[in-house]
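S.K.: Task: produce atomic coordinates for the following.
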Amino acid sequence: MAKLTKRTVDTVEIQAKDYVIWDEDLPGFGLRVFASGKRSYVVQYRAAGRSRRFTIGLHGVWTPETARREAKALLGQVAHGGNPTEERQLDHQAMTVKELCNRYLADLHKGLILGKGDRPKKASTIITDVGRIKRHIVPLLGSRRVKDLTKADVARTLKDIMGGKTKVDMKTGKPRGRAIVRGGAGTATRTIGLLGGILSYAVELGVIEYNPTQGVRRPKDKVNRRRLSEQEYRLLGDILRDRIEAGRYATAAEMIRLIALTGCRRSEIIKLRWEEIDSEGSCLRLADSKEGASVRPVGLPALERLENRRTEGAEGYVFPGWAEDTPFGAFPSHWDKIFAQTALADITPHVLRHSFASIGNDLGFTEATIAALVGHSRGTVTSRYIHSVDTALVMAADNIAGYIQDLLDGAALKHTTYALDRDSRKTSLAHFLGKMPASADGTSDHP
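M.R.: Numbering: from 1, shown residues only. Presented below is the predicted three-dimensional model:
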């Protein structure tokens, strides 16, 4: 035992076996001398009834003076119930962002991660989340320890994705499959939003105490305000009629017309099944929309087109694909071909949906009514009409769809004729369904 000074450490004897020289002034502080000639500073203490040895570091990196100060700090932790050796082991084993993501994905696939409305996330959402995790989060943060993440790290990740640092064009496992990742502001915003959800999950697990994504400013996600004018609706009608009459992309053209007349999402029309169409109830009873099960009031013009398409014993998808019991998967590519080199080349299915809602607003319907018609999550009014859709909603759907149909067909606007009373509307609907000839009072004015 001797006081550990630079002179003492530099002149220690190298022996055949490792041994420790303990400092005479600070009990528990020592110098371990290896047979190889290396020397390291250590602290010996007792915790939980066991003797523990903590290595401070090698001589050369640490001097006797700095090692002594560190030893005093460590022994102070021990005096207050700490256990430096165990804490270091836990620190080395700390969960990385990649490990956290793997655990999150495992629970996600089990339906244990809840999304909107406190429901398990849908399969399509899971696919998107997996892509953002694998393409952006793991490449940029995967090796980092979750507990070390800071707000600055999150902000830097946001800027890296915006700047295209994670962009890639690569083949996937599918035949002729490619993954084209471009990054950008929208992708960055949504990815950091997902990261925030993952880190909230880590808070629930007790891995971290706070979520470092909180307070990070993100670019506003692009909100599409585009809507069709009356002239553009008439042009849309001309384009769709040409396609339907020519038989080229006719299926996609009919689907586009239904989106325009109902305000449905693209996926809802692509996956629409005959059993989801309740013509007598004047609604679609969608089993799996973005918001889960959804009842969607539908106007007479849309119901008529659907019933004209129905064949005896029709079942499965309204717009089937090539393979048995599959939806029409070519819709996205046919959409592009239908509108290529036209004045409407910039529109998307969401533009039709937004335009439907905008027409409803123009006609004076309330926001709650419009939300119920298009199936917005905030349209909680929809839940009240699960079994029998309220007449007011049906009449609203008739007015909006009738107005849009007149525009598509280039007719003089006469949308007020769609505000029929309950009995007249039932007569018109029965006429559509072929159950009775239309009476003079019940004949609908629209084509």
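S.K.: Just the element for Thr66, please.
M.R.: Assessed by DSSP states H and E, Thr66 sits inside helix 64-79.
S.K.: Can you dump the C-alpha atoms of that helix in CSV for me?
M.R.: Output of helix 64-79 as CSV, limited to C-alpha atoms (Å, rounded to 0.1, in the frame of the first residue of the first chain):
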residue,chain,number,x,y,z
PRO,A,64,-3.2,9.6,-10.7
GLU,A,65,-4.8,13.0,-9.9
THR,A,66,-7.7,12.8,-12.3
ALA,A,67,-8.3,9.1,-11.4
ARG,A,68,-8.3,10.0,-7.7
ARG,A,69,-11.0,12.6,-8.3
GLU,A,70,-13.1,10.2,-10.3
ALA,A,71,-12.6,7.5,-7.6
LYS,A,72,-13.9,10.0,-4.9
ALA,A,73,-17.0,10.7,-7.1
LEU,A,74,-17.7,7.0,-7.6
LEU,A,75,-17.3,6.2,-3.9
GLY,A,76,-19.6,9.1,-3.1
GLN,A,77,-22.3,7.5,-5.4
VAL,A,78,-21.8,4.2,-3.5
ALA,A,79,-22.3,6.0,-0.2
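S.K.: The chain should start at 20 in everything you say after this.
M.R.: All set: I'll call the first residue 20, so the last point we hit is now helix 83-98.
S.K.: What average pLDDT does it get?
M.R.: Mean pLDDT, helix 83-98: 94.
S.K.: for it, packing partners?
M.R.: With contacts taken as 3 or more C-beta pairs under 8 Å, 6 or more residues apart in numbering; DSSP states H and E, helix 83-98 sits against helix 25-29, strand 48-52, strand 58-66, strand 69-77, helix 103-111. To be clear about C-beta, it is placed using only N, CA and C from the backbone, and glycine gets the same treatment.
S.K.: Also compute the angle for it relative to strand 69-77, please.
M.R.: If you take axes from the mean of the first three to the mean of the last three C-alpha atoms, to 10 degrees, helix 83-98 sits at 150 degrees to strand 69-77.
S.K.: now the helices and strands packed on helix 83-98 as a markdown table including mean neighbour count, mean pLDDT and distance to Ala271?
M.R.: A markdown table is the format used below for the helices and strands packed on helix 83-98 (neighbours: other C-beta atoms under 10 Å; pLDDT from 0 to 100; distance: least, C-beta to C-beta, whole Å):
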| stretch | mean neighbour count | mean pLDDT | distance to Ala271 |
| --- | --- | --- | --- |
| helix 25-29 | 13 | 92 | 81 |
| strand 48-52 | 22 | 96 | 76 |
| strand 58-66 | 19 | 94 | 71 |
| strand 69-77 | 15 | 92 | 69 |
| helix 103-111 | 13 | 77 | 57 |
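S.K.: Now tabulate these in CSV and tack on distance to Asp344.
M.R.: Shown next, in CSV, are those (distance: least, C-beta to C-beta, whole Å):
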stretch, distance to Asp344
helix 25-29, 79
strand 48-52, 72
strand 58-66, 65
strand 69-77, 65
helix 103-111, 52
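S.K.: Quick check, central residue of this structure?
M.R.: Thr144 (5.1 Å; C-alpha atoms, centre = their mean).
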